[in-house]
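A.B. asks: prediction below, plus the sequence it came from.
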Amino acid sequence: MKHTRAFLAAAAVIGVLAAASACGSSAPAASSAGQPSKTPITLMFGSSGPAETKAVNAAAAAFTRQSGIKVNVVAASNLTQQLAQGFAAGHPPDVFYLDPGSFQNYAKDNALYPYAQTLPNAKDFYPALRAAFTYKGKFICDPKDASTLALYINTADWQQAGLTSADVPTNWSQLAAVAKKLTTHGRVGLVLDQSHSELDEFLYQNGGTVVGGNGQVDLDSTQNVAALSFLKTMLKAGTLKFPPALSSGWSGQAFGENKAAMDIVGNWMVGALQSDYPTIRYQVATIPAGPTGTAATLSFTNCWGVARSSGNVAGAVDFVKFLTTPQQQMAFSKAFGVIPSLATLQNQWQSTFPELAVHTKELTYAHPDIALPNDAQALSAFDSALAQLATGNPATILKNAQTNLAPLASQAG
Amino acid sequence: MATRQLALPARRRAPDTSGARRGHRARRREAAAGWLFTAPAVVALIVFLVVPIIMAAWVSVSDWSGIGSPFSAGVHAVGTANYAALLTQPGLPQQDLGMSIRDNLYYVLLVVPLQTALALLLAVVVSRKALRGRGFFRTAFYFPSVTSSVAVSMIFLFLFADSGVVNGALGFLGVHGPQWFTDPNGLLHMIARGAGIRPPAVLTGHGLLGLSWWDWLAGPSVAMVTLIILAIWTTSGTFMLLFLPALYNISEEVEEAAIVDGAGPWTRFRRITLPLIRPALFLVLTLGLIGTWQVFDQVFLITQGNPAGTTLTPAYLAYQVSFGSQQWGQGAAIAFILFGIIVIFTVLQRLVLRERGSVTQARGRGM
């Protein structure tokens, strides 16, 4: 009796395990892009807001009309997590937004279908963006769009402080000086998000690097320590604050609620100000250069990832081709303010959005935001430390980040 | 009706069968029926509990990268490498684990006694026959427990914002409130600093899991204190409900006998009430201990482990390492280390609360 019971239980466990593993591996094996079938495809994306959701849905509908391939559009609430769940279950979405950090993970595991290299427009993308999605010398997926950090100035505060267009800061000392002038009771001169993605440009501006040309992490240089020390001085003087100190979730909120007069932030700010704070009058200025005149900013991008295990690889690639056409990129730009990833569109874009031309001009000297395989934990520790910069030791912060990030760089492609 | 037709005849017949063989067969039939009726639950347990645990155990000793099934051919066993990275090798994984255990330990040490005491106090107050509108208070105290933790977390975000209600009230009293969610200073460190104690080299020079002993002694950070307040506020109502029936079960004769013997209210509570509700107390402490070691939603929603890693908990760290860093093996290993911690604490608590004396023992069995 006892034996039977144990045997039954064991058999059940083995049966379920087998079923579970079969489920996992039953996804169609990698296929080369042959003739596109009419199998429906799924697009998963993380939306910045209703404007982007609407634009992406419209693009998918247009593609379905043209090709006859149905597209299920899934707006993920937590893209990284939902993507991971899809890949773990063996059924990832066919096409998806992919950030450079996750790109490194999935490219390392050979889970992405490398379509970008072979497409005729491969050379039309900005080199910095192409580099972000190149793994071991192979250009894998098409950059979706681009963003850079620039200086946003509240023009009402600016005039109130008696400043003119001649006072727009072009270097650190001018930035510190105007921040001081703009700081009043209840309003800070400059707000910055307390994350490496919004602070690392100061390291580059001071002649330092985050990831050097040789692919090695080089965070704890004396230039970088000096750059963080400059920010620490501003924090201590009260002319720079991080959003939590202003009861804000992010710097854009502090700027929109006029708790800060200046913000160094990416072009996603435009859409946020339009929808949440339409009354704010502002000006976008080129990001100030470092003490020695080094101009630098950070660039951000996502790519259109295609899963190797997709049931309709050819259809998915066709969809990406459709999404990266000049017309479609301009449509996305108009809808939610992103810079097209095609360098060939630069002139057209700048004449359509003269007020945002600053963001594209900066692309020539932009450094991609750091992205290494399995970097989330290390970057989160770095951000935690940066948030405590006002009381922390810049040298220690950088040394710890260097220790944590350096080993990851050796696995990067 | 159905029960009587199905179950009772078999049971009734079993004792009066004379032959051993017939009895054996009847028992077998009963067992088969039993398995049949429990099958749905057993299958659900295997599919949703046993299999995932086995898979997680395998992932924790493998190099699974998160693509496809963990049992597919490309996944290799790596022995104890994932555990070693967390427990023995100096580095970020070890340090984060150390911090998460420290933060969660202070959370448990404060939440469990305080929520149990508050729940007991509420239960005693609500069970008073003299109290008018008992139903109203019972519902009011229970309300936070049935509210979604997301909603409660959002409300606390507003309450404890820098210019929020709490700091407004403190300001009214002339106290300058802290920046609740961004202050990483530990309470014990703050007290030490106030008393002029400088960190002794003996504590800063040595440590465990990548943290110096001085860091271990930091105490809960200001940010963690808000999470502790939130937890006590939300769960006390639930545990009050567990105490209430135990309190109602104490017969009035016992109370009256104690009064006749000249026992005051405090003595009655300590000598009569507490021993008689010991099983409920044991249950509340066990559930509290397990629940507090698994805290995740508040951290995920409010602080994401910040500021400076002082609200990191093993459950949140396992999520971050798995889904964020895609280090699935290490994430699963953290989950099993957390499992070990919970087992150790529950066993310790059983030892501490072990029943002593024959009277309470009999009572305890009766419950």
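C.D. replies: Arrived safely, thanks for sending.
A.B. asks: so where is chain A shaky, pLDDT-wise?
C.D. replies: A:1-36, A:413 (pLDDT under 70).
A.B. asks: for residue A:335, which non-adjacent residue is closest in space?
C.D. replies: Distances taken as CB to CB, 6 or more residues apart in numbering or on different chains place residue A:55 nearest to residue A:335, at 3.6 Å, with adjacent residues excluded. The way it works is simple: take the backbone N, C-alpha and C, and place the C-beta from them, glycine included.
A.B. asks: right, and the one you found touches residue A:333 too?
C.D. replies: No: contact between residue A:55 and residue A:333 fails when scored by CB atoms under 8 Å: they sit 9.6 Å apart.
A.B. asks: surely residue B:197 is within a helix?
C.D. replies: No: going by DSSP: H, G, I helix; E, B strand; the rest coil, the assignment for residue B:197 is coil, not a helix.
A.B. asks: and it, how many residues sit next to it?
C.D. replies: Counted with other CB atoms under 10 Å in any protein chain shown, residues neighbouring residue B:197 total 10.
A.B. asks: give the contact list for residue A:183.
C.D. replies: By CB atoms under 8 Å, 6 or more residues apart in numbering or on different chains, the contact set of residue A:183 is A:189, A:238, A:239, A:261.
A.B. asks: could you redo the last one with a cut-off of 10 Å?
C.D. replies: A:161, A:189, A:190, A:234, A:237, A:238, A:239, A:240, A:241, A:260, A:261 (CB atoms under 10 Å, 6 or more residues apart in numbering or on different chains).
A.B. asks: over to residue B:82?
C.D. replies: B:59-63, B:93, B:321, B:327-334, B:336.
A.B. asks: just the buried members of those?
C.D. replies: B:59-62, B:93, B:321, B:327-334, B:336 (16 or more other CB atoms under 10 Å in any protein chain shown).
A.B. asks: mind listing what's buried in stretch B:301-313?
C.D. replies: Buried residues in stretch B:301-313 (16+ other CB under 10 Å): B:302, B:303, B:305, B:306, B:307, B:308, B:309, B:310, B:311, B:312, B:313.
A.B. asks: please export the C-alpha coordinates of that stretch as PDB.
C.D. replies: Extracted in PDB, the C-alpha atoms of stretch B:301-313 (Å, rounded to 0.1, in the frame of the first residue of the first chain):
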ATOM      1  CA  LEU B 301       5.900  49.700  -4.400                       C
ATOM      2  CA  ILE B 302       7.400  52.300  -2.100                       C
ATOM      3  CA  THR B 303      11.200  52.100  -1.900                       C
ATOM      4  CA  GLN B 304      12.700  49.500  -4.200                       C
ATOM      5  CA  GLY B 305      15.300  48.800  -1.600                       C
ATOM      6  CA  ASN B 306      16.400  52.400  -1.400                       C
ATOM      7  CA  PRO B 307      17.700  54.600   0.300                       C
ATOM      8  CA  ALA B 308      21.200  53.100   0.300                       C
ATOM      9  CA  GLY B 309      19.900  49.600   0.400                       C
ATOM     10  CA  THR B 310      18.300  50.000   3.900                       C
ATOM     11  CA  THR B 311      14.900  48.700   2.900                       C
ATOM     12  CA  LEU B 312      16.200  45.700   0.800                       C
ATOM     13  CA  THR B 313      14.700  42.400   1.800                       C
END
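A.B. asks: quick one: the strands in the chain, in order.
C.D. replies: Let's take chain A. Applying DSSP state E to chain A gives strands spanning A:41-46, A:71-76, A:95-98, A:134-135, A:138-139, A:145-154, A:188-191, A:240-241, A:260-266, A:282-285, A:297-300, A:303-306, A:339-340, A:366-368.
A.B. asks: that's the wrong chain, I meant chain B
C.D. replies: B:207-208, B:211-212.
A.B. asks: same for the first one, what does it pack against?
C.D. replies: Judged by 3 or more CB pairs under 10 Å, 6 or more residues apart in numbering or on different chains; DSSP states H and E, strand B:207-208 is in contact with helix B:92-127, helix B:213-216.
A.B. asks: out of these, deepest packed?
C.D. replies: Ranked by mean neighbour count, the helices and strands packed on strand B:207-208 are led by helix B:92-127 with a mean of 21 (mean count of other CB atoms under 10 Å in any protein chain shown).
A.B. asks: centre of the chain versus that one, how much separation?
C.D. replies: Centroid separation between helix B:92-127 and its chain, computed with CA atoms, centre = their mean, to the nearest Å, is 8 Å.
A.B. asks: roughly how far does the residue of the stretch 301-413 of chain A found nearest chain B sit from residue A:92?
C.D. replies: Closest approach between the stretch 301-413 of chain A and chain B, counting by CB to the nearest CB: residue A:376, at 3.2 Å. Here the distance between residue A:376 and residue A:92 works out to 19 Å (CB to CB, to the nearest Å).
A.B. asks: those two: which has the busier surroundings?
C.D. replies: residue A:92 (28 against 20).
A.B. asks: wait, what's in contact with that one?
C.D. replies: A:27, A:42, A:44, A:82-86, A:106, A:111-112, A:305-310, B:67-68.
A.B. asks: for PyMOL, write a command that selects the buried ones of these.
C.D. replies: To isolate the buried ones among the contacts of residue A:92 in PyMOL, judged by 16+ other CB under 10 Å, type:
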select buried, (chain A and resi 27+42+44+82+83+84+86+106+111+112+305+306+307+308+309+310) or (chain B and resi 67+68)
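A.B. asks: can you give me the domain boundaries for the chain?
C.D. replies: The chain I'm using is chain A. A:34-144+A:301-324, A:148-299+A:369-409 (automatic domain parsing).
A.B. asks: right idea, wrong chain: chain B
C.D. replies: According to automatic domain parsing, the ranges for chain B are B:2-60, B:84-185+B:221-366.
A.B. asks: residues touching residue A:194, list them.
C.D. replies: Residue A:194 touches A:235, A:241-245, A:250-251, A:383-390, B:182, B:306-307, counting by CB under 10 Å, 6+ apart.
A.B. asks: just the ones in helices from those residues, please.
C.D. replies: A:235, A:251, A:383, A:384, A:385, A:386, A:387 (DSSP state H).
A.B. asks: going through these, which ones are buried?
C.D. replies: Here, 16+ other CB under 10 Å leaves A:235, A:251, A:383, A:384, A:385, A:386, A:387 buried among the ones in helices among the contacts of residue A:194.
A.B. asks: test my guess that the first one contacts residue A:241.
C.D. replies: Yes: taking CB atoms under 10 Å as the contact criterion, residue A:235 and residue A:241 are neighbours in contact, 7.2 Å apart.
A.B. asks: joint contacts of the two?
C.D. replies: A:190, A:192, A:194, A:390.
A.B. asks: buried only: go through these for me.
C.D. replies: A:190, A:192, A:194, A:390.
A.B. asks: related to what we said a few turns ago, now tabulate the buried residues of stretch B:301-313 in JSON lines and tack on pLDDT and distance to chain A.
C.D. replies: Converted to JSON lines, these look like this (pLDDT from 0 to 100; distance: CB to the nearest CB, whole Å):
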{"residue": "B:302", "pLDDT": "89", "distance to chain A": "12"}
{"residue": "B:303", "pLDDT": "88", "distance to chain A": "10"}
{"residue": "B:305", "pLDDT": "87", "distance to chain A": "7"}
{"residue": "B:306", "pLDDT": "81", "distance to chain A": "6"}
{"residue": "B:307", "pLDDT": "87", "distance to chain A": "6"}
{"residue": "B:308", "pLDDT": "84", "distance to chain A": "5"}
{"residue": "B:309", "pLDDT": "87", "distance to chain A": "5"}
{"residue": "B:310", "pLDDT": "91", "distance to chain A": "9"}
{"residue": "B:311", "pLDDT": "93", "distance to chain A": "10"}
{"residue": "B:312", "pLDDT": "93", "distance to chain A": "9"}
{"residue": "B:313", "pLDDT": "95", "distance to chain A": "14"}
